[in-house]
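> sequence isn't available, so here's the structure alone:
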């Protein structure tokens, strides 16, 4: 997956939404706040779906990518890590693709993982264009998502595990450190 060029100047961005989000809209500590953040995520994902269609994707392609972005945002970032999706941290995509998806999917498929990674890069490109993340964060996410050979190797080695090999496999690309940081 090639890295895409990033506009050099904020005026190169064009807002695509009537609803404005702030970083704080995605912070939560209580259950009520978490439910509010979940609603904000659904609204963001609906706008992302429209944006995908404006990028000349078919309705089916946009739907698949929005679904994958939803999985990453709401299942992984919010529910598992309990972190704000507008405050991306280094290593989040790597841990998702190299561990979390593989270990929490009954039969992980490389093609599905690649679709998730494509959705993540599109989602953060959209957030960049809205001015919600900076260029460095976008480039970090794109770089982590582009390591597809590594993720294929991780999936293959997981599926071939036997005996007590999981602990060693898990240590190479773990989610537990990220969960403690979040």
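That came through fine. All figures in this text were calculated on a predicted structure; none of them were measured in a lab. Numbering: from 1, shown residues only.

> going by C-alpha atoms from here, please, whenever you check contacts or count neighbours.
Fine.

> figure out how far stretch 52-62 is from the centre of its chain.
18 Å (Cα atoms, centre = their mean, to the nearest Å).

> list the buried ones in it?
The neighbour-count check on stretch 52-62 (16 or more other Cα atoms under 10 Å) flags 52, 62 as buried.

> so the residue in the chain sticking out farthest from the centre: helix, strand or coil?
No residue in the chain sits farther from the centre than residue 163, which is 31.5 Å out by Cα atoms, centre = their mean. Counting by DSSP: H, G, I helix; E, B strand; the rest coil, the backbone at residue 163 sits in coil.

> which residues does it contact?
By Cα atoms under 8 Å, 6 or more residues apart in numbering, no residues touch residue 163.

> same thing with residue 153?
Per Cα under 8 Å, 6+ apart, neighbours of residue 153: none.

> skipping adjacent residues, who's closest to the residue most central in space within the chain in space?
Central residue of the chain (Cα atoms, centre = their mean): residue 120, 4.0 Å from the mean position. Nearest-residue entry for residue 120: residue 69, 5.8 Å, with adjacent residues in sequence omitted and distances by Cα to Cα, 6 or more residues apart in numbering.
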